[in-house]
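[1] I'd like to go over a predicted model; first the sequence, then the structure.
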Amino acid sequence: MLNSKQRAKLRAQASALDPVFYVGKSGISDELLNQLENVLNARELIKISVQDNCEFKSREVADIIAPKLDADVVAVIGRKFVLFRVSKDPKKRKISFD
């Protein structure tokens, strides 16, 4: 669980990121979750965009996806949201809160 200082630091870093995935009319599939799992292991911090034709709002998508990936929702802004999870591979860890 992130505290407010950590969340603020991650939000600042995420502002420069482009969305790496788009959730559309096909919704949240197992394939999407597998791809997100791989990207989170590689990057730790990712931005996801929810398209207009998705049946869910961005907060709903974030709240469904985050627990399935054991990730934290950093921010939800409009149709985008940011997820963070420490990489399981110590060599790939890029973000520290020291």
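    Looks like it came in fine. In this text, all values refer to a predicted model and were calculated from it rather than measured experimentally.
[2] can you check which helix is longest in this protein?
    helix 30-43 (DSSP state H).
[3] which residues sit against that one?
    Helix 30-43 has contacts (Cβ atoms under 8 Å, 6 or more residues apart in numbering) with 20-21, 23, 26, 46, 48, 65, 68-69, 71, 83, 85, 87-89, 92, 94. Just so you know, the C-beta spots here come from the backbone N, C-alpha and C atoms, and that holds for glycine as well.
[4] identify those among those residues that sit within strands.
    F21, V23, I46, I48, L83 (DSSP state E).
[5] phi and psi next, for the closest residue in space to the last one that isn't next to it in sequence.
    What sits nearest to L83 in space, not counting adjacent residues and going by Cβ to Cβ, 6 or more residues apart in numbering, is A71, at 4.4 Å. For A71, the backbone dihedrals (degrees, to the nearest 10) come out as phi -120, psi 170.
[6] how about A71, what does it touch?
    So A71 contacts L40, I65, L83, F84, R85 (Cβ under 8 Å, 6+ apart).
[7] can you tell me the centre-most residue of this structure?
    Closest residue to the average C-alpha location of the chain: L83 at 2.3 Å, with Cα atoms, centre = their mean.
[8] and it, bridged to which residues?
    On the basis of DSSP bridges, L83 is bridged to I46, V73.
[9] so it touches I65, yeah?
    Yes: contact criterion Cβ atoms under 8 Å: L83 and I65 qualify, at 7.1 Å.
[10] overlap of the contact sets of the two?
    What both L83 and I65 touch, as defined by Cβ under 8 Å, 6+ apart, is the set L36, I48, A71.
[11] in JSON lines, list the residues you listed along with distance to Q6.
    Shown next, in JSON lines, are the shared contacts of L83 and I65 (distance: Cβ to Cβ, whole Å):
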{"residue": "L36", "distance to Q6": "21"}
{"residue": "I48", "distance to Q6": "19"}
{"residue": "A71", "distance to Q6": "14"}
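[12] that older thread, for the longest helix of the chain, which positions count as buried?
    L32, L36, E37, V39, L40, R43 (16 or more other Cβ atoms under 10 Å).
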